[in-house]
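K.L.:
Pasted the sequence and its predicted model underneath.
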Amino acid sequence: MARLTLENNQNSNEYMDPKSFIENHKDRLLNELFELLRIPSISADPAYNDDVAKCAAAIEGHMSALGLENVEVFPTAGHPIVYGECLVDPSLPTVLVYGHYDVQPADPIELWDADPFEPVIKKTDIHPEGAIFARGACDDKGQMFMHLKAFEILKAEGDVPCNIKFMIEGEEEVGSMNLEPFIKEHKEKLACDVILISDTGMIANDVPSITTGLRGLSYVEVEVTGPNRDLHSGLYGGAVANPLNILAQMIGSLHDEKGAITVEGFYDGVEVVSDEERALMAKAPFSQEAFNASIAIPSGMGEQGYTTPERTSIRPTLDVNGMWGGYIGEGAKTVIPSKAYAKISMRLVPGQDPDDITEKFTKHFTAIAPDSVSVKITPHHGGLPYVTHTSDPAYQSASKAYETTFGVPALPVRSGGSIPIVALFEQVLGAKSILMGFGLDSDAIHSPNEHYGVFNYFKGIETIPYFYKYYAEGVD
């Protein structure tokens, strides 16, 4: 195994385990993160372009200070991508770390308890040791920065067990539009055996978990047109088709009485999750009563034959995200609208392709429309689903790392959400991704008072070095 010595470190010849390193450098590890969090790197608003660039430069500075080589800020048509690498031996495996330094807008500012770009630590019921409150604390500066600090530990120990590359982008919160051209252009530079990402979460601080699946997405807008103008509902009512009524009927027919989606061919190729994996998923703590209470619903519903966690992870869905038409202002206006609209999203699972599903939906929805109206369907955006199986060596290395630091095995979980870049990485770089997230669902990412537990931040820094160690040991 290749060995490196950290220059100017009097303790470089002594073995220092991650926990001891963190204990000896807690204040600095927090203060360095705070410096990043103070930079309002909001990628969606051009008014903050200088701050986004400033944050990229700060990441570059950290990489250089850690002794990474070939550190560079790459300009794109949008915001820059920061790259750095540590190549110790071509015979060893290579891990590409991906993260992002851009953040969501902080609006509405008035709902924050404090300045969103002046981080503070406050204790909460879930985080009795304190949580870092700031925009980007969890998504993704805190989780991204863990990886740089984990690398610092490896350097301090004088033992980097594999090749490590870092690619930190500044456009994740606005769709990563320039990431695909970048990785295609720099495919050789980014070549790796596995991609390591911390932009997800885990079940609880005492129940570590690894995200093994992400759902894909097909998003469309439908337009139903009847008469050539809005009509008086008294003079024309009962004699012409009402697009809103018809749209409601069409949408209502997209699920059957068992909660299954009726679009022809929708389930073709859907991955059948094994009984063994479903049993592992079922070990995750879940209370239907608590779930119902958390969102104030009397009971759950969904596709028969599946639990709520399975419905939100391993099964595809179809949901109306918005529906409008006619008069919705104050008071009454008795019209039959000329048009009715809806936005519909379909979450997809392995075995489904977003373009194929969009085509099938278009064909089905057009076919069920009565002759009294016309239908127009506009596709918006989509993404492929993704899955990493628990038999993958990288997954097993990550699971062992969690067990080393948490004392209990990590549970595999599949997320109901979508991260299209993960499938993109596999398509372009031919490498699987391991999603080692340390955040919690309660961290309020994208919302006012976003926060990240101090425990979670330090636990990530402690755990990640073990992933490199076990992954390097497990590769021939």
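P.N.:
Thanks, I have the structure now.
K.L.:
all helices in the stretch 101-250 of the chain, in order from the N-terminus.
P.N.:
141-157, 179-185, 233-236, 243-252 (DSSP state H, counting those that start in this stretch).
K.L.:
Comparing those, which comes out most buried?
P.N.:
Highest mean neighbour count among the helices of the stretch 101-250 of the chain (mean count of other C-beta atoms under 10 Å): helix 141-157, with a mean of 24. For the C-beta atoms, the positions are set from N, CA and C on the backbone; glycine is no exception.
K.L.:
Only alpha carbons, please: show the worst-scoring helix or strand of the chain on mean pLDDT as CSV.
P.N.:
The weakest-scoring helix or strand in the chain, judged by mean pLDDT, DSSP states H and E, is helix 275-282 (a mean of 89). The C-alpha coordinates for helix 275-282 follow below in CSV (Å, rounded to 0.1, in the frame of the first residue of the first chain):
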residue,chain,number,x,y,z
ASP,A,275,-37.8,-11.0,-1.0
GLU,A,276,-34.4,-10.8,0.7
GLU,A,277,-33.9,-7.1,-0.1
ARG,A,278,-37.5,-6.3,0.9
ALA,A,279,-36.8,-8.1,4.3
LEU,A,280,-33.7,-6.0,4.8
MET,A,281,-35.6,-2.8,4.0
ALA,A,282,-38.3,-3.8,6.5
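K.L.:
after it comes which helix or strand?
P.N.:
Using DSSP states H and E, the helix or strand that follows helix 275-282 in sequence is helix 288-294.
K.L.:
Check the burial of residue 96 by counting its neighbours.
P.N.:
Using other C-beta atoms under 10 Å, residue 96 has 25 other residues around it.
K.L.:
Check the secondary structure at it for me.
P.N.:
strand (DSSP: H, G, I helix; E, B strand; the rest coil).
K.L.:
list the contacts for it?
P.N.:
Under the criterion of C-beta atoms under 8 Å, 6 or more residues apart in numbering, the contact list for residue 96 reads 165-167, 190, 192, 194-196, 429, 431.
K.L.:
mind listing what residue 52 touches?
P.N.:
Residue 52 sits in contact with 41-43, 79-80, 101-102, 170, where contact means C-beta under 8 Å, 6+ apart.
K.L.:
Kindly report the same for residue 258.
P.N.:
Counted by C-beta under 8 Å, 6+ apart, residue 258 has contacts 303-304.
K.L.:
what separates it from residue 304, distance-wise?
P.N.:
4 Å (C-beta to C-beta, to the nearest Å).
K.L.:
Pick out the residue nearest the middle of the protein.
P.N.:
residue 419 (4.8 Å; C-alpha atoms, centre = their mean).
K.L.:
Now it. Its backbone dihedrals?
P.N.:
In terms of degrees, to the nearest 10, the main-chain angles of residue 419 are phi -130, psi 90.
K.L.:
measure it to residue 449 for me?
P.N.:
For residue 419, the distance to residue 449 - C-beta to C-beta - is 24 Å.
K.L.:
Pass me the low-pLDDT residue ranges in this structure, would you?
P.N.:
Low-confidence segments of the chain, defined by pLDDT under 70, span residues 1-16, 475-476.
K.L.:
quick one on the thing from earlier: need the helices of the stretch 101-250 of the chain in TSV (columns: distance to residue 397).
P.N.:
Below are the helices of the stretch 101-250 of the chain laid out as TSV (distance: least, C-beta to C-beta, whole Å):
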stretch	distance to residue 397
helix 141-157	14
helix 179-185	23
helix 233-236	65
helix 243-252	45
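K.L.:
what angle separates the longest helix seen in the chain from helix 141-157?
P.N.:
When the chain is parsed with DSSP state H, its longest helix is helix 454-474. On the basis of axes from the mean of the first three to the mean of the last three C-alpha atoms, to 10 degrees, helix 454-474 is oriented at 50 degrees to helix 141-157.
K.L.:
starting at the chain centroid, how far to helix 454-474?
P.N.:
What separates the centre of helix 454-474 from the centre of its chain is 20 Å, taken as C-alpha atoms, centre = their mean, to the nearest Å.
K.L.:
same question, stretch 203-216
P.N.:
Taking mean C-alpha positions (C-alpha atoms, centre = their mean), stretch 203-216 and its chain are 11 Å apart.
K.L.:
Give me the phi and psi angles of residue 199.
P.N.:
Dihedral pair for residue 199: phi -140, psi 30, per degrees, to the nearest 10.
K.L.:
Please disregard the earlier target; I meant residue 351.
P.N.:
Dihedral angles (degrees, to the nearest 10) for residue 351: phi 100, psi -10.
K.L.:
Tell me how many other residues crowd the residue nearest to the residue nearest to the centre of the chain when sequence neighbours are not counted.
P.N.:
The spatially closest residue to residue 419, leaving aside those adjacent along the chain, is residue 214, at 5.3 Å (C-beta to C-beta, 6 or more residues apart in numbering). Neighbours of residue 214 under the rule other C-beta under 10 Å: 29.
K.L.:
Many thanks, I have nothing further to ask.
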